[in-house]
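[1] Need the 3D shape of this:
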Amino acid sequence: MEKQKARIAVLVSGGGTNLQAILDAQSSVIGSGVVTLVISDRPGAYAIRRAEMAGVRALEIDRRACPSAEDFEKRLVAALEENETDLIVLAGFLSILSGDFTAQYPRRIINVHPSLIPSFCGEGFYGLRVHQAALDRGVRVTGATVHFVNEIPDGGEIIAQKAVEVQPGDTPETLQRRVMEQAEWIILPQSVEKVCADILSRKG
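    The predicted model follows:
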């Protein structure tokens, strides 16, 4: 009999490269969970296509079309509950979630951030902005962090970090790519597996 797996929902806003890393890792690294739902807060995100190609149910809940943040989160919760979601993974998800939302899922929401928290994190630090800030500061080492999500942007307990060297002549784009390849795509699937295993053990 196949062992029970934690049900994973991945929340996305764009191309879905981190989603793809999770999907690809389901045949190797991730044995305790399975992606059963992908939700985009922006219509037309390529991540939705990635989900469909992998045979995973995909939904669009357009944040800008919702009359309020509360309404958006209510729709989000309804979809997550219908999916019987165990773990929520934020993978390039640009909507900030409220404390009321995160409190409903303690130690069940994780996020990947493209820096070594506490450097270059918090509100306003996302995407290429993070890598530009690292280059502007002149740091020699950056990286990525996977952490639990709470009411403080990038403020939850750290699960995993991996360092990446900054190379001479790096641009935000080249640094972003290297951080994804050498850090995010490695520690995100590992962290998903770790938290899924913990969730299953708590379920008994």
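[2] Only C-alpha atoms from now on, for both contacts and neighbour counts.
    Noted.
[3] Go through the longest helix seen in the chain and flag the buried ones.
    Ranked by residue count and defined by DSSP state H, the top helix of the chain is helix 185-203. Using 16 or more other Cα atoms under 10 Å as the test for burial, helix 185-203 gives 185-199.
[4] repeat for stretch 149-156
    Residues of stretch 149-156 classed as buried: 149, 150, 153, 154, 156 (neighbour count, 16+ other Cα under 10 Å).
[5] Can you get me the start-to-end distance on that stretch?
    Length of stretch 149-156, first residue to last, Cα to Cα, to the nearest Å: 5 Å.
[6] what about it, distance to the chain center?
    Taking the mean of its C-alpha atoms, stretch 149-156 sits 13 Å from the chain's own mean (Cα atoms, centre = their mean, to the nearest Å).
[7] One more: stretch 181-201?
    The chain centroid and the centroid of stretch 181-201 are separated by 11 Å under Cα atoms, centre = their mean.
[8] Residues in contact with that stretch: which ones?
    Identification of contacts with stretch 181-201 by Cα atoms under 8 Å, 6 or more residues apart in numbering yields 4-6, 18, 21-22, 25, 29-33, 86-87, 89, 108, 112, 114, 143-146, 159-164.
[9] Tell me which of these fall in strands.
    Within the contacts of stretch 181-201, residues falling in strands by DSSP state E are 6, 33, 87, 89, 112, 143-146, 159-164.
[10] May I see the ChimeraX selection of the buried members of the residues you listed?
    Buried subset of the ones in strands among the contacts of stretch 181-201, written as a ChimeraX selection, criterion 16+ other Cα under 10 Å:
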select :6,33,87,89,112,143,144,145,146,159,160,161,162,164
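[11] List the residue ranges of the chain that fall below the pLDDT cut-off.
    Scanning the chain for pLDDT under 70 picks out 1-3, 204.
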